[in-house]
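**Q** Kindly generate the corresponding structure for this input.
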Amino acid sequence: MDEQREPLIEFKGVSKTFGTRNILNRIDFKIYEGEVTTLIGLSGTGKSVTLKHIIGMLTPDEGQILFRGKPIDKMSKAEWNEYIGQISYMFQSNALFDSLTVLENVSMPLKYTTKLKKKEIKEKAMARIEQTELTDVADKYPSELSGGMQKRTALARALVTDPGIVLFDEPTTGQDPIRKNAILSMVAEYQKRFGFTALLISHEIPDVYFISNRILALYDRKIVFQGDPEDFESLDHPFRQELISSLESLGEELTGLYSKRHFKVRYQTDLSQRQPDATYAVAVFTIDDIDVISANLGHDVTQQIIRSLGSYINKHFGAVGGFSSRQTINEYATVLPYSDLDEAERITKDFTKDFQEHGMGGIEAAMANEGKSEECVEFKVLVGLAQGKPQIEIESVMEFARFNQKEIAQFSCARGGKA
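**A** A predicted model of the protein is given here:
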């Protein structure tokens, strides 16, 4: 399928050496328009070097970089200006100007790259500041901001020119688990809303899987994988084991649940050796209207809500021998290895009762602490069940569970309700 599409940006045999140290060795990869592509790799392997080639901060020793099929080093001055004018870069260190306020930092690209009037620049900058939840600190300086707010200021500045391509150099570095996922969710939301092409450098495994259309893996100076995040799960290469042992803990940071990879390993270990007629059950939980929650309550609150539900699922089903994983931004799956559908229904009924009486408090508290929305935000928690057997692909069982989902809890900005 990829072979039939024209890439937006393509690296062909690109190499780069600093002194006697070769960083990139004839790397090849493609980036497609309108997608989120994430470049992953161990520290010091040339990820930032790769990114800087795209914007001309570095030039390759050999090979070519193409934009819509044309080598960027063969562009005329006018073509280069048009190309580079479409790209925005969010630096790992944020690169904010200490002597400028948040508003002035965000306004700067408009001031120097457009002919907008002062009033128009301020209006456009303030719109991005509001979208990144920085209105209250618009007149403050970077030194007065938390690390998370500095990161959001850099993001607002990167988006203020309405770029067609945004390059993110380690956007979540130095952030706590909730903030990391909030930033990634923010990138995903804005990419969906504005339709820009995003290239991220990240080592947040597995969190980047949830927002990426495509993964590029840089290892030993070469691209050893490019493709769908799901396909990366089955990559048989030393890179994957090194990356996992170096960067991925058994429990996913945000929720403490299994990562998708370890979820599959656990499933295969527990179920693949059992008799063909043995049964297991799957429960799939979904937080409905996640985009509405993010838009009205903010990304931090959204991640707190996700974390609260995931922690409660882990606590309840782990106590009865189940194991769980976050499958997407707003979805969890739990396997009950030795249960059938009837038993799973009883366990889930107990969970629902317990969650409504005791577990909803964490979600309600997160919502109560955020009062910026004047509208009442309502959303639901859904759960669906399905029964499987060892020879049936678990993805098929999970899809059937999704089809069977029913509401188990309802929330609003004012108070939590019961299904």
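**Q** Which neighbouring elements make contact with whichever helix in the chain runs longest?
**A** Criterion DSSP state H: the longest helix present in the chain is helix 299-318. Helices and strands touching helix 299-318, by 3 or more C-beta pairs under 8 Å, 6 or more residues apart in numbering; DSSP states H and E, are helix 177-194, strand 280-287, helix 290-297, strand 323-328, strand 331-336, helix 341-354, helix 360-368. Backbone N, C-alpha and C define where each C-beta goes, glycine included.
**Q** Tell me which of the ones you listed lies nearest to E79.
**A** If you check each of the helices and strands packed on helix 299-318 against E79 by C-beta to C-beta, helix 177-194 wins as the nearest, at 23.8 Å.
**Q** how about the strands of the stretch 151-300 of the chain, start to end?
**A** 165-169, 197-201, 214-219, 222-227, 280-287 (DSSP state E, counting those that start in this stretch).
**Q** From the recorded domain assignment, give the ranges for the chain.
**A** Split into domains by automatic domain parsing, the chain comes to 2-247, 260-418.
**Q** lowest-confidence stretch among those domains?
**A** Lowest mean pLDDT within the domains of the chain: domain 260-418, at a mean of 77.
**Q** now the end-to-end length of stretch 27-39.
**A** 13 Å (C-alpha to C-alpha, to the nearest Å).
**Q** same check, this time on stretch 133-147
**A** One end of stretch 133-147 sits 14 Å from the other (C-alpha to C-alpha).
**Q** Likewise for stretch 399-411?
**A** End-to-end distance of stretch 399-411 (C-alpha to C-alpha): 25 Å.
**Q** buried set for it?
**A** Across stretch 399-411, burial judged by 16 or more other C-beta atoms under 10 Å covers 400-402, 405, 408-411.
**Q** So which of these belong to helices?
**A** 400-402.
**Q** buried stuff in stretch 290-304?
**A** Across stretch 290-304, burial judged by 16+ other C-beta under 10 Å covers 290, 293-304.
**Q** export it as PDB, just CAs?
**A** Taking only C-alpha atoms (Å, rounded to 0.1, in the frame of the first residue of the first chain), the coordinates of stretch 290-304 have been written out as PDB:
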ATOM      1  CA  ILE A 290     -12.700  11.400  24.900                       C
ATOM      2  CA  ASP A 291     -12.200  14.300  22.400                       C
ATOM      3  CA  VAL A 292     -15.000  16.200  24.000                       C
ATOM      4  CA  ILE A 293     -13.400  15.800  27.400                       C
ATOM      5  CA  SER A 294     -10.000  17.000  26.100                       C
ATOM      6  CA  ALA A 295     -11.600  20.000  24.400                       C
ATOM      7  CA  ASN A 296     -13.600  21.100  27.400                       C
ATOM      8  CA  LEU A 297     -11.500  20.000  30.500                       C
ATOM      9  CA  GLY A 298      -8.000  20.000  29.100                       C
ATOM     10  CA  HIS A 299      -5.500  17.300  28.400                       C
ATOM     11  CA  ASP A 300      -4.200  17.000  32.000                       C
ATOM     12  CA  VAL A 301      -7.700  16.300  33.300                       C
ATOM     13  CA  THR A 302      -8.300  13.800  30.500                       C
ATOM     14  CA  GLN A 303      -5.200  11.900  31.400                       C
ATOM     15  CA  GLN A 304      -6.100  11.900  35.100                       C
END
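**Q** Run through the bridge partners of the residue nearest to E331 when sequence neighbours are not counted.
**A** In space, and not counting its chain neighbours, E331 is closest to T286: 5.0 Å by C-beta to C-beta, 6 or more residues apart in numbering. T286 has these beta-bridge partners by DSSP bridges: E331, L382.
**Q** okay if I get the strands of the stretch 151-300 of the chain as JSON lines plus distance to T114?
**A** JSON lines is the format used below for these (distance: least, C-beta to C-beta, whole Å):
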{"stretch": "strand 165-169", "distance to T114": "17"}
{"stretch": "strand 197-201", "distance to T114": "21"}
{"stretch": "strand 214-219", "distance to T114": "31"}
{"stretch": "strand 222-227", "distance to T114": "35"}
{"stretch": "strand 280-287", "distance to T114": "39"}
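**Q** Just put those strands in CSV and tack on mean neighbour count.
**A** Output for the strands of the stretch 151-300 of the chain, formatted as CSV (neighbours: other C-beta atoms under 10 Å):
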stretch, mean neighbour count
strand 165-169, 24
strand 197-201, 24
strand 214-219, 22
strand 222-227, 17
strand 280-287, 24
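**Q** residues of the helix or strand containing G148 that come out buried?
**A** Assignment of secondary structure by DSSP states H and E places G148 within helix 147-159. For helix 147-159, the neighbour count (16+ other C-beta under 10 Å) marks 148-159 as buried.
**Q** what does stretch 138-145 give?
**A** For stretch 138-145, using 16+ other C-beta under 10 Å, the buried residues are 138, 141-142, 145.
**Q** Same check on stretch 106-119?
**A** Buried residues in stretch 106-119 (16+ other C-beta under 10 Å): 106-110.
**Q** Any idea which of the helices and strands packed on helix 299-318 gets closest to A95?
**A** Ranking these by proximity to A95 (C-beta to C-beta) places helix 177-194 first, at 16.2 Å.
**Q** what inclination does the closest one have with respect to helix 147-159?
**A** Interaxial angle of helix 177-194 relative to helix 147-159 (axes from the mean of the first three to the mean of the last three C-alpha atoms, to 10 degrees): 20 degrees.
**Q** Can you list the neighbours in contact with helix 177-194?
**A** For helix 177-194, the external contacting residues (C-beta atoms under 8 Å, 6 or more residues apart in numbering) are 36, 131-132, 147-148, 151-152, 155, 159, 162, 166, 168, 171-172, 175, 196, 198, 200, 204, 207-208, 210-211, 253-254, 291, 294-295, 298-300, 302-304, 306-307, 329.
**Q** check contacts around F210.
**A** Residues near F210 by C-beta under 8 Å, 6+ apart: 184, 188, 326, 328-329.
**Q** Farthest pair within the buried residues of stretch 290-304?
**A** Spatial extent of these (C-beta to C-beta) is set by the pair A295 and Q304 at 15.7 Å.
**Q** about what we covered before: kindly reformat the helices and strands packed on helix 299-318 as a markdown table containing distance to T50.
**A** Shown next, in a markdown table, are the helices and strands packed on helix 299-318 (distance: least, C-beta to C-beta, whole Å):
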| stretch | distance to T50 |
| --- | --- |
| helix 177-194 | 18 |
| strand 280-287 | 35 |
| helix 290-297 | 30 |
| strand 323-328 | 28 |
| strand 331-336 | 32 |
| helix 341-354 | 46 |
| helix 360-368 | 38 |
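**Q** Hmm, D354 is touching I313, no?
**A** No - D354 lies out of contact with I313 (C-beta atoms under 8 Å); the separation is 11.1 Å.
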